[in-house]
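In: based on what follows, work out the 3D shape:
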Amino acid sequence: MNRKLLTGLLYIIISAIFFIGGLSYQFNNFENPGPALFPVLISVMLFVLGATSVAQSFRTTEQIGVIHIKNIATIVLGLVGFAVATEYLDMVAGITVLVAITSFSALTPSLSQNIKLTIGLVAVAFVFKNLLGLNLPLWK
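Out: The predicted structure is shown next:
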């Protein structure tokens, strides 16, 4: 199957789900927007992106490559490890576990790259917590 076609169809399906979900909220108008405005507009933009990808798929013969189950399993395991470590320890430990586990999906895992990535993700979480006021359990 064509990769662009599959990607475009996936975008269209996701956009339809968010569009239908957004319609359950009050829309109002553009001068006084209701909570439905954001999901509806984002879903319309995602639909246009998906339709563009589907249209482009008819001009290319690029096929889906080999699916690496090991990499998919490693990333899912990393996300589960992140959730468990964040729940029982804190988010810094969760981020560290996430980076450590998912690094095994790389061709050449690098300790220095993992440390830099962990520091960067913790910094982003710190900014989200302190500047945006999100309730993140960075440390206990």
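
In: where along the protein do the helices fall?
Out: For the chain, the helices defined by DSSP state H cover 3-22, 37-57, 69-88, 91-102, 111-130.

In: would you reformat these as TSV and include mean neighbour count, mean pLDDT and distance to residue 136?
Out: Every residue, glycine included, has its C-beta placed from N, CA and C. Output for those, formatted as TSV (neighbours: other C-beta atoms under 10 Å; pLDDT from 0 to 100; distance: least, C-beta to C-beta, whole Å):
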stretch	mean neighbour count	mean pLDDT	distance to residue 136
helix 3-22	16	91	24
helix 37-57	16	92	22
helix 69-88	14	94	9
helix 91-102	21	96	6
helix 111-130	13	94	4
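
In: may I see those organised as a markdown table, with distance to residue 140 added?
Out: Listed next are those as a markdown table, based on distance: least, C-beta to C-beta, whole Å:
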| stretch | distance to residue 140 |
| --- | --- |
| helix 3-22 | 34 |
| helix 37-57 | 33 |
| helix 69-88 | 10 |
| helix 91-102 | 9 |
| helix 111-130 | 13 |
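
In: out of those, which comes closest to residue 137?
Out: Of all these, it is helix 91-102 that lies closest to residue 137, at 5.2 Å by C-beta to C-beta.

In: how about the CA coordinates for the closest one, as PDB?
Out: This file holds the C-alpha atoms of helix 91-102, laid out as PDB (Å, rounded to 0.1, in the frame of the first residue of the first chain):
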ATOM      1  CA  MET A  91       8.200  12.700  36.400                       C
ATOM      2  CA  VAL A  92      12.000  13.100  36.200                       C
ATOM      3  CA  ALA A  93      12.300   9.400  36.900                       C
ATOM      4  CA  GLY A  94       9.600   8.700  34.300                       C
ATOM      5  CA  ILE A  95      11.400  10.700  31.600                       C
ATOM      6  CA  THR A  96      14.700   9.000  32.500                       C
ATOM      7  CA  VAL A  97      13.000   5.500  32.100                       C
ATOM      8  CA  LEU A  98      11.400   6.600  28.900                       C
ATOM      9  CA  VAL A  99      14.600   7.700  27.300                       C
ATOM     10  CA  ALA A 100      16.600   4.700  28.600                       C
ATOM     11  CA  ILE A 101      14.100   2.100  27.300                       C
ATOM     12  CA  THR A 102      13.300   3.800  23.900                       C
END
